Each structure stands twice: as C-alpha cells, then as structure tokens.
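**Q** structure of the sequence below:
(one chain, ligands or ions: 1)
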Amino acid sequence: MERVRGHLPFNPHEGIGALVWVKVVGVGDSGVGKTCLVKRFCEEKFTPKFHPTVGVDYGFKIHTIDKTDLRVHFWDMAGRVEYYDVRNELYSQTQAVMLVFDVTNRASFQSLEAWNRETLRCSSSFPSVTIIVANKVDQDIERAVTREEGERWAASHKMEYCETSAATGEGVNGMFDKMLSDVLKVAIAAQNASNTSMTKIK
Ligand code: GTP
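**A** Below you'll find the model as predicted:
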C-alpha cells in the first residue's frame, strides 16, 4: 500500500519522543537467571534450557509506571568472567542495575560484592538504582541462602531486596515495578534539579 503524508492519524515521532527512556542492566554469576527474568517480564515466557549469554542479550518493553510510559531497554550481561570487556563497554548511563543471585547457589550470593564493585567502577556518574534479586525461589528445598541473609546484605548496602522465580513468575512483575518506579523518582528529581527534558535520558 502506498503511504502518503498524513496517512497515520498521529505523528509516530512525537509518540516515541514522549516516552521516557530507561536503561537497565542485569548482572550476576552465569546461570543465576538474568536472561530468564528479562524474558519473563518482556515476553511472559520461561525456557528451562540453559543457553549461556554470549556477550550481552537485549530486551525491550514499554511499561507504564504512575501513568508515565517508560521505554525500557534491558542489557542482560553475560555472567562469565571472560566477558568483562564487553560488559565494561555497556555500563555507561545505566539508570538501574539488577544484581541477581540464585538462592540455591551460595557462591552466586557471595559474588554480589564483586558484581557491585564492577558496576560502580564501570558506570558513569548518572544516578542509578540498584536492586538485589534473589532468584529461583521456586526451588525452596534446595535453598542455600535465607531471605534474612539476603535482606541483611541489601540493607547493609542501602539497596532494595526482592525474591523472584522466573520459572513461575512469582515476584517478577513486582520487582520490575519497584525498580522502575524508583528509577522514575530519581529521574524526576534529577530533572527538577537540572531542568532538562526527561526524553533526553537514554
Ligand atoms: P548467563 O547468560 O550465563 O549469564 O546466565 P543467566 O544468568 O542469564 O541465566 P539464565 O537466565 O540463562 O538461566 C540459567 C538456568 O537457570 C536456565 O536453565 C534456566 O531455565 C534456569 N532458571 C532461571 N530462572 C529460574 C528460576 O526462577 N527457577 C528455576 N527453577 N530455574 C531457573
């Protein structure tokens, strides 16, 4: 069909420009469930098969918080050490970090300190929100880290703590809602402070 000027009842550029851009990165040891969390939130899907991320995966969703449409870009970083250089390239202007561990894998909990250091070292000075995500809570019988330990670690770093299961969906939407509403609060505060347009945050 031939498209003529004015064919659409609205200007798509205006619609897109009105959305607030948010960049979220997911970090944590390989296999903790970062890709599955993003997939669950963006596509409402879960894959039991493990395909380790090569470098980085990307997800996108338009999500509304407090009547504000957010255009959310997820950078799901490969957890394996050898991808440090790739991750390092992608941290700049991050607004939210999901620090993910697997509640059945104590080593992944002990790695949080190193992941936090990496994100602090590599991110720009842009205001960012960090949330601790305790994933795989559906596997309660194999649990190796208690909720109390997780909450204590998060509180000692002044971060929010959420428990999720990408497999069942438990806690996933609540975790993303919490994180994105905190991002919005920080963005509004920054906008008020600098009086710049939020549409430029990308
Ligand atoms: P890298 O890409 O290597 O950094 O790993 P990742 O953190 O992205 O892990 P991924 O999402 O690929 O999940 C790893 C494995 O854990 C897969 O087999 C998933 O199916 C499984 N998994 C992820 N989340 C959950 C969960 O909430 N519960 C259970 N039971 N399994 C999960």
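
**Q** got the contact list for the longest helix anywhere in the chain?
**A** Of all the elements of type helix in the chain, the one with the most residues (DSSP state H) is helix 172-194. Residues from elsewhere that reach helix 172-194 (C-beta atoms under 8 Å, 6 or more residues apart in numbering): 20, 22, 24, 37, 40-41, 63, 65-66, 68, 70, 72, 95-96, 98, 127-129, 131, 133, 160, 162, 164-166, 196-198, 201. (Glycine included, C-beta is placed from N, CA and C.)

**Q** filter the residues you listed to the buried ones?
**A** Members of the contacts of helix 172-194 that pass the buried threshold by neighbour count (16 or more other C-beta atoms under 10 Å) are listed as 20, 22, 24, 37, 40-41, 63, 65, 68, 70, 72, 95-96, 98, 127-129, 131, 133, 160, 162, 164-166, 198, 201.

**Q** also near the ligand: which of the contacts of helix 172-194, exactly?
**A** When those are filtered against the ligand using C-beta under 6 Å from any ligand atom, the residues retained are 165-166.

**Q** narrow the contacts of helix 172-194 to those in helices?
**A** Applying DSSP H to the contacts of helix 172-194, the entries found in helices are 37, 40-41.

**Q** which one of those residues is nearest residue 110?
**A** Of all the ones in helices among the contacts of helix 172-194, residue 110 sits closest to residue 37, with 20.1 Å by C-beta to C-beta.

**Q** residue contacts, the closest one?
**A** Under the criterion of C-beta under 8 Å, 6+ apart, the neighbours of residue 37 are 26, 98, 100, 133, 135, 164, 166, 172, 175.

**Q** return the residues of the protein in contact with the ligand.
**A** Going by C-beta under 6 Å from any ligand atom, the residues of the chain near the ligand are 28, 30-36, 47-50, 52-53, 78-80, 135-136, 138-139, 165-167.

**Q** in helices, which of the residues you listed fall?
**A** With DSSP H as the criterion, helices contain 34-36 from among the residues of the chain next to the ligand.

**Q** out of those residues, which is most surrounded?
**A** In terms of neighbour count, residue 34 stands highest of these at 27 neighbours, by other C-beta atoms under 10 Å.

**Q** chain neighbours aside, what residue packs nearest to that one?
**A** Leaving out its chain neighbours, the residue that sits closest to residue 34 by C-beta to C-beta, 6 or more residues apart in numbering is residue 26, at 4.0 Å.

**Q** before we move on, back to that, buried set for the longest helix of the chain?
**A** By neighbour count, and taking 16+ other C-beta under 10 Å as the criterion, the buried residues in helix 172-194 are 172, 175-176, 178-180, 182-184, 186-187, 190.
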